[in-house]
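Colleague: Pasting a predicted model and its sequence here:
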2 protein chains.
Amino acid sequence: MAAAIADMKELDPPVRLLMGPGPSDVPPRVLRAMAHPLVGHLDPTFVTILMEIRILLQAVMKTQNEMTLAISATGSAGMETLMTNLLEPGDKAIVGVNGVFGGRMAEVASRCGAEVIKIESPWGEPILPEQVQDALKKAGKVKLVGVVHAETSTGCRSPIEDMGSIVHDAGALFCVDAVTSLAGIDLRVDEWGVDALYSGTQKCLSCPPGLSPVTFSPRAMEVIKNRKHKCQSWYLDIGLIANYWGEDRMYHHTAPISMLYAIREALRLVMEEGLEARYARHKAMHEKLKAGLEEMGYEFIVKPQYRLPQLNTIRFKDGIDEAAWRKRLLNEYNIEIGAGLGVLKGKVWRIGLMGASCTPNHVNTLLSALRDLEK
Amino acid sequence: MAAAIADMKELDPPVRLLMGPGPSDVPPRVLRAMAHPLVGHLDPTFVTILMEIRILLQAVMKTQNEMTLAISATGSAGMETLMTNLLEPGDKAIVGVNGVFGGRMAEVASRCGAEVIKIESPWGEPILPEQVQDALKKAGKVKLVGVVHAETSTGCRSPIEDMGSIVHDAGALFCVDAVTSLAGIDLRVDEWGVDALYSGTQKCLSCPPGLSPVTFSPRAMEVIKNRKHKCQSWYLDIGLIANYWGEDRMYHHTAPISMLYAIREALRLVMEEGLEARYARHKAMHEKLKAGLEEMGYEFIVKPQYRLPQLNTIRFKDGIDEAAWRKRLLNEYNIEIGAGLGVLKGKVWRIGLMGASCTPNHVNTLLSALRDLEK
């Protein structure tokens, strides 16, 4: 073992173009902010930084929710934060499942002791408002409805903008997975009636993974305040975390300071570009990639109106070993793209154009490399 | 709000000397490794890095446990990982409580549905093997015994080296909180019969907060394998995480890549120095600090044989507003030290000498500043 350790040299990983389903390329400004020497997590300077991050997140999420902050763990912990805080044993939850992450949300909800009713759509197709309506009619009293806005496993967008009022009419809370959508496509928490939402940092925010931005509406906070049982997770207990992010600065856990330095800078970059300009860039680069891929005969698995510009899932051509080609892209061209997951394994590629990985040069470099392989 | 965002300039926090209970100063090599551009979390290069981190953690923890890895969240999530994976509803757990973190462990265990029996010692005093023995005799069938090795809220070490066999004789698992002890004082997982242990990165490892190193013995893994119920946390489910860190590289969640770059470098630094040399350095700097503090009339609250060299808790002099002095140290000298927590609030200071914050210059700088204030 000692010998093996002596062989471990200075970190020197290859420089990749990250064009998979996340992480995306991280801008130098974000890396530099992350590498700044640390202040303590109770330092008045750090409290100011947390308050700034809250304001930036509110702007990027388009919400006035006071309870907007970054959970000290990755996106899936954000999912768990919503479910463990909003659900209690015996509650009923409706979850849309049209890919890996809807399935994960159903699993996490059931581990909270909830009865989970799944709305299912085939992989690559959206969850539709009428499906939510139907499920609510049949289900009786429901605590929450959870839908994935941008399904990272398929590249499909579900039209959540029309679901909030349906869910509210049934007296339930509307919960959204925005891991891959935030800062890449239109997302309006308040206007769309979203009660609770989680995201990740390593997708369209172009920040390293390690935090999960979340937001809770006053309505959701009221539900949490009136819980009968304590939240089963201490680490993700939003009541305790709220005190840490609040004026009192009550010690809960030690925040991942460097990650918060990073997200602050990543969010500043988003706001400097402007949300609408950022959405437009993602759309334009998607069109450019699409034109090139279709010229080579690749087909998208998602219908145009539900396609995510930031995550392009294409059916792989028959007769070619997709894994071998992916490996060549990585080893010969330093380009990472994503494989298919679950039922799509071996059948599709997932090409990410997220944040800093969404540039004409990324698109051209990938298309050129693919043309090389096609020769 | 737009105006407020426009006012947020480039990150420029003050440069502090971190001499509180963590985070400690982070060496430039660690900051630089953390800032390296990212590879994907399923990249073969990254898999190698994870395997290296496992080997380094095994060496620093002195264990052969295969199931040794870093949880993708901070130390308290490591605590929750142990409890949620090892406990099931109705299980009995004995937890030593002699400060904040023992109390937290009891709380987390009870949120897992366990019946928790507390062994209590006054704050500043250790949990002793005979207390564990007595509690086990009275308790009947117990699933686990949890003890904090180095209580961060008081600066007290509990002599865990003599507890493993007592716990095993009663057929229970021995769980240890090593957040503040790892790489600062002697710790031998295998030799001492520790079945499960969690730590943090921002103490004696001198790495930014954001990960929790954990280890599980084969005996603990057997208990996890034979659980009747699923782990209530999906994010911390060690069965799922094991597959992610294992040969198959089964996708679970996106690892916080940059934090793992950082811990790899921090662990390399520990091994370059050597564990015994590192323990000796912590002890020597503690002696130096102690001599200076005692000269000024400060007293330690912990008896010499249980004192942590890396966390020095001193009773504050009567008639001085400790908060005002702490504030002056921060604002005039850029030195962070820790306040008292819980029953010790307003009564003590906690002075950390951890990892890169454990140097003669740190000690001298603090003592000199204190002498200035005493004038």
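Modeller: Arrived safely, thanks for sending.

Colleague: going forward, measure contacts between C-alpha atoms and count neighbours the same way
Modeller: Noted.

Colleague: Tell me the confidence at residue A:316?
Modeller: The model reports residue A:316 with a pLDDT of 88.

Colleague: Bridge partners for the closest residue to it other than its chain neighbours, pull those for me.
Modeller: Spatial nearest neighbour of residue A:316, excluding adjacent residues (C-alpha to C-alpha, 6 or more residues apart in numbering or on different chains): residue A:348 at 5.0 Å. When assigned by DSSP bridges, residue A:348 has beta-bridge partners residue A:315.

Colleague: Quick one: neighbours of residue A:348, just the number.
Modeller: 23 (other C-alpha atoms under 10 Å in any protein chain shown).

Colleague: just residue A:61 next, same as before
Modeller: For residue A:61, the count of nearby residues is 25 (other C-alpha under 10 Å).

Colleague: So residue A:96 belongs to a strand, correct?
Modeller: Yes: under DSSP: H, G, I helix; E, B strand; the rest coil, residue A:96 sits within a strand.

Colleague: How much space separates it from residue B:110?
Modeller: The gap separating residue A:96 from residue B:110 is 32 Å, by C-alpha to C-alpha, to the nearest Å.

Colleague: Would you mind telling me which of the two has the busier surroundings?
Modeller: More crowded of residue A:96 and residue B:110, by other C-alpha under 10 Å: residue A:96, with 27 against 22.

Colleague: how many other residues sit next to the closest residue to that one other than its chain neighbours?
Modeller: Closest residue to residue A:96 apart from its sequence neighbours, by C-alpha to C-alpha, 6+ apart: residue A:119 at 4.6 Å. Residues lying near residue A:119 (other C-alpha under 10 Å) number 20.

Colleague: can you list the domain ranges for chain A.
Modeller: Following automatic domain parsing, one finds the domains of chain A at A:17-23+A:275-374, A:28-271.

Colleague: chain center to the longest one, what's the gap?
Modeller: Taking the mean C-alpha point of domain A:28-271 and that of its whole chain, the gap between them comes to 9 Å (C-alpha atoms, centre = their mean, to the nearest Å).

Colleague: low-scoring pLDDT stretches of chain A, where are they?
Modeller: Counting by pLDDT under 70, chain A contains low-confidence residues at A:1-3.

Colleague: Find the centremost residue of it, please.
Modeller: Most central in chain A under C-alpha atoms, centre = their mean is residue A:179, positioned 1.0 Å from the mean C-alpha point.

Colleague: surely that one meets residue A:157?
Modeller: No: using C-alpha atoms under 8 Å as the test, residue A:179 is too far from residue A:157 to be in contact (11.9 Å).

Colleague: what is in contact with those two at once?
Modeller: residue A:150 (C-alpha atoms under 8 Å, 6 or more residues apart in numbering or on different chains).

Colleague: pretty sure residue A:311 contacts residue A:157?
Modeller: No: contact criterion C-alpha under 8 Å: residue A:311 and residue A:157 do not qualify, at 9.9 Å.

Colleague: of these two, who's got more company?
Modeller: Using other C-alpha under 10 Å as the criterion, residue A:311 and residue A:157 rank with residue A:311 on top: 32 against 26.

Colleague: Spell out which residues of the stretch 201-350 of chain A are next to chain B.
Modeller: Residues of the stretch 201-350 of chain A lying near chain B by C-alpha under 8 Å from any C-alpha of the partner chain: A:208-210, A:230-235, A:253-259, A:261, A:265, A:268, A:336.

Colleague: Buried by neighbour count, from those residues: which ones?
Modeller: The neighbour count (16 or more other C-alpha atoms under 10 Å in any protein chain shown) marks A:208-210, A:231-235, A:253-259, A:261, A:265, A:268, A:336 as buried among those.

Colleague: Which of those residues fall in helices?
Modeller: Counted as lying in helices by DSSP state H, out of these, are A:257-259, A:261, A:265, A:268.

Colleague: which one of those is nearest residue A:360?
Modeller: Of all these, residue A:360 sits closest to residue A:268, with 22.2 Å by C-alpha to C-alpha.

Colleague: excluding its backbone neighbours, what's nearest residue A:240?
Modeller: Spatial nearest neighbour of residue A:240, excluding adjacent residues (C-alpha to C-alpha, 6+ apart): residue A:252 at 6.6 Å.

Colleague: what number of residues lie near that neighbour?
Modeller: 16.

Colleague: what helices or strands is the lengthiest helix in chain A leaning on?
Modeller: Counting residues, the longest helix in chain A under DSSP H turns out to be helix A:275-295. The helices and strands touching helix A:275-295, judged by 3 or more C-alpha pairs under 8 Å, 6 or more residues apart in numbering or on different chains; DSSP states H and E, are helix A:360-374.

Colleague: Contacts for the helix it packs on next, please.
Modeller: A:17, A:19, A:285, A:288-289, A:292-293, A:325, A:329, A:333, A:335.

Colleague: do stretch A:313-322 as well
Modeller: So stretch A:313-322 is in contact with A:154-155, A:298-302, A:346-351, going by C-alpha under 8 Å, 6+ apart.

Colleague: now do 10 Å
Modeller: With C-alpha atoms under 10 Å, 6 or more residues apart in numbering or on different chains as the test, stretch A:313-322 has contacts from A:21, A:124, A:152-156, A:290, A:293-294, A:297-302, A:307, A:328, A:338-340, A:344-352.

Colleague: So how do I select the buried members of these in ChimeraX?
Modeller: The buried residues among the contacts of stretch A:313-322 can be selected in ChimeraX (16+ other C-alpha under 10 Å) with this line:
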select /A:21,124,152,153,154,155,156,290,293,298,299,300,301,302,307,328,338,339,340,344,347,348,349,350,351,352
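
Colleague: Can you flag which of the contacts of stretch A:313-322 belong to strands?
Modeller: Secondary structure defined by DSSP state E assigns A:156, A:299-300, A:338-339, A:348-352 of the contacts of stretch A:313-322 to strands.

Colleague: which among these gets closest to residue B:71?
Modeller: Checking these against residue B:71 by C-alpha to C-alpha gives residue A:338 as the nearest, at 24.0 Å.

Colleague: re the thing from before, which single one of the ones in strands among the contacts of stretch A:313-322 is nearest to chain B?
Modeller: Closest approach to chain B among these (C-alpha to the nearest C-alpha): residue A:338, at 9.5 Å.

Colleague: if I look at the closest one, how far off is residue A:204?
Modeller: Distance, residue A:338 to residue A:204, by C-alpha to C-alpha: 16 Å.

Colleague: which helices and strands does the helix or strand containing residue A:271 pack with?
Modeller: Per DSSP states H and E, residue A:271 falls inside helix A:257-273. Other elements packing on helix A:257-273 under the criterion 3 or more C-alpha pairs under 10 Å, 6 or more residues apart in numbering or on different chains; DSSP states H and E are helix A:28-34, helix A:44-61, strand A:67-71, helix A:275-295, helix B:2-6, helix B:257-273.

Colleague: Hmm, the residue nearest to residue A:316 is touching residue A:302, no?
Modeller: No: under the criterion of C-alpha atoms under 10 Å, residue A:348 makes no contact with residue A:302, lying 11.4 Å away.

Colleague: Mutual contacts of these two, please.
Modeller: A:154, A:312-315.

Colleague: Tell me which residue of the stretch 251-375 of chain A lies closest to chain B.
Modeller: residue A:256 (4.6 Å).

Colleague: Show me which positions of stretch A:33-47 end up buried.
Modeller: Buried residues in stretch A:33-47, counted by 16+ other C-alpha under 10 Å: A:33-42, A:46-47.
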